[in-house]
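A.B. asks: Starting from these lines, generate the structure:
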Amino acid sequence: MNINKKQKLILASCSPRRRELIKLLGMDFECISVDADESTNEIIPSKAVQEISAKKARAALSARKIAHDEVIIGADTIVVFDEKLLGKPLDDDDAERMLLMLSGQTHFVYTGVTLIYRDYNDNLTEISFAEKTEVTFAEISLEEIRKYISCGNHRDKAGSYAIQDEFGVHITGIKGDYNNVVGFPVARIYSELKKLL
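C.D. replies: Residues are numbered from 1 along each chain as shown. As a prediction, this is how the structure comes out:
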């Protein structure tokens, strides 16, 4: 069964990466900038990203009412290495620390997604899920790391890197959904939307 292309998606993010990926679903969409609390005390990665994605989706719902033909999507991504949860870097020094830690290692990228929609009884329904992808880096020199950081592309990225930009030359392996590493697991979202629409 195909999803109903007449439905409209409300993306609780203005991320250019998620904006590009949501287009793959072939549906009308709108992006909303949300101010959500992205802190969590949860130490289980899959639960942490689901919690924060839910906060983003709820913030969008507070900012904009939704009709029966609309679905809010909130998403959040983290990098996990050696049981440490790595979010966006605080500054360039923090980014350098993260990338040195990940150099020559394998880590995991988790993206949590929350969907909010109205069911047939007009009740608001919320579902959350998480996707996990394994990523392996080559050995990266400090000079290479500093060169990448100088470009500024690391600043709003979990783990301080973007797989889709020039940093991709340092990635030697990936197991799982590539788009999940970018921050929007399109295949899983498509599958979940098919159940709803």
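A.B. asks: Beyond whichever strand or helix holds I78, next helix or strand please.
C.D. replies: Assigning secondary structure by DSSP states H and E places I78 in strand 70-81. Under the assignment DSSP H and E, the closest C-terminal helix or strand after strand 70-81 is strand 84-86.
A.B. asks: how about that following strand: buried residues?
C.D. replies: 85-86 (16 or more other Cβ atoms under 10 Å). (Each C-beta comes from the backbone N, C-alpha and C, glycine too.)
A.B. asks: what helices or strands is that strand leaning on?
C.D. replies: If contacts are counted by 3 or more Cβ pairs under 8 Å, 6 or more residues apart in numbering; DSSP states H and E, strand 84-86 sits against strand 70-81.
A.B. asks: Give me the sheet partners of the strand it packs on and which way each runs.
C.D. replies: strand 8-11 (parallel), strand 84-86 (antiparallel), strand 106-118 (antiparallel) (DSSP bridges).
A.B. asks: Need the winner for burial among these.
C.D. replies: Mean neighbour counts were taken over the strands paired with strand 70-81 using mean count of other Cβ atoms under 10 Å, and the top value, a mean of 22, falls to strand 106-118.
A.B. asks: Give the rounded mean pLDDT of it.
C.D. replies: Averaging pLDDT along strand 106-118 yields 96.
A.B. asks: and it, C-alpha only, in PDB?
C.D. replies: As requested, C-alpha coordinates have been extracted for strand 106-118 and formatted as PDB (Å, rounded to 0.1, in the frame of the first residue of the first chain):
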ATOM      1  CA  THR A 106      33.400   2.200  15.000                       C
ATOM      2  CA  HIS A 107      30.500   4.000  16.600                       C
ATOM      3  CA  PHE A 108      26.700   4.100  16.400                       C
ATOM      4  CA  VAL A 109      24.400   6.800  15.200                       C
ATOM      5  CA  TYR A 110      20.900   6.800  16.600                       C
ATOM      6  CA  THR A 111      18.000   8.900  15.300                       C
ATOM      7  CA  GLY A 112      14.800   9.100  17.200                       C
ATOM      8  CA  VAL A 113      11.600  10.100  15.400                       C
ATOM      9  CA  THR A 114       8.200  11.000  16.900                       C
ATOM     10  CA  LEU A 115       5.000  11.300  14.800                       C
ATOM     11  CA  ILE A 116       1.900  13.100  16.100                       C
ATOM     12  CA  TYR A 117      -1.400  12.800  14.300                       C
ATOM     13  CA  ARG A 118      -5.200  12.700  14.800                       C
END
